[in-house]
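1. Just a sequence and a predicted model for now, questions to come.
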Amino acid sequence: MPTISGAFDVTITPETLSDTAAQSGLGRLSLAKRYYGALEASAQGEMLSVRAAVAGSAGYVALERLEGTLNGRHGSFYLQHSGSMARGTPSLSVSVVPDTGTGQLQGLSGSLAIRIEDGKHYYDFTYDIAEAP
């Protein structure tokens, strides 16, 4: 499976929670992203997060919809995030939601790693596009 790398920008905006969620200590955020490189796409999504009472511990889940081109193939797909921080040690899983690829990205699967270096965001995306049967 090929792996591509590039940069992305992200804007995170706090959002209002439902009455039920507001009592739970959760945070809700909207995401607006722009990916650059072999993945040239814009994305919108939502994140739910929580911070633990212990410093450096937290968790989040998110879904985002990307639309654009992947190595010249146009379409859209969804990424699912599951991240945690245990006393400063991060763990993150970001994967393509199965069967969400559209257009020339039908059959897309894969996983995306996020790196933050000097305050800038980068991705490494390992993927495959299965041919239609």
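-> Noted; the coordinates are in hand. Numbering: from 1, shown residues only.

2. Break down the chain into its strands, ranges please.
-> Under the criterion DSSP state E, the chain carries strands at the ranges 3-14, 27-35, 39-51, 58-70, 73-86, 89-96, 108-117, 120-129.

3. Output the below-cut-off pLDDT ranges for this structure.
-> Under the criterion of pLDDT under 70, the regions of the chain flagged as low confidence span 132-133.

4. Buried residues, stretch 46-53. List them.
-> In terms of neighbour count (16 or more other Cβ atoms under 10 Å), stretch 46-53 has its buried residues at 47, 48, 49. C-betas here are computed from N, CA, C, even on glycine.

5. Now distance to residue 121 too, for the residues you listed, in TSV please.
-> Conversion of these to TSV gives the following (distance: Cβ to Cβ, whole Å):
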residue	distance to residue 121
47	14
48	20
49	17
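
6. Quick check: the gap between residue 20 and residue 114.
-> For residue 20, the distance to residue 114 under the criterion Cβ to Cβ, to the nearest Å works out to 30 Å.

7. Which of those two has more residues huddled nearby?
-> Each of residue 20 and residue 114 has its neighbours counted (other Cβ atoms under 10 Å); residue 114 has more, 15 against 8.

8. Tell me, how many residues neighbour the nearest residue to the more buried one once chain neighbours are set aside?
-> Nearest residue to residue 114 in three dimensions, chain neighbours excluded: residue 123, at 5.9 Å (Cβ to Cβ, 6 or more residues apart in numbering). The criterion is other Cβ under 10 Å. On that basis, residue 123 has 20 neighbouring residues.

9. Identify the bridge partners of residue 32.
-> Taking DSSP bridges, one finds residue 11, residue 44 as the beta-bridge partners of residue 32.
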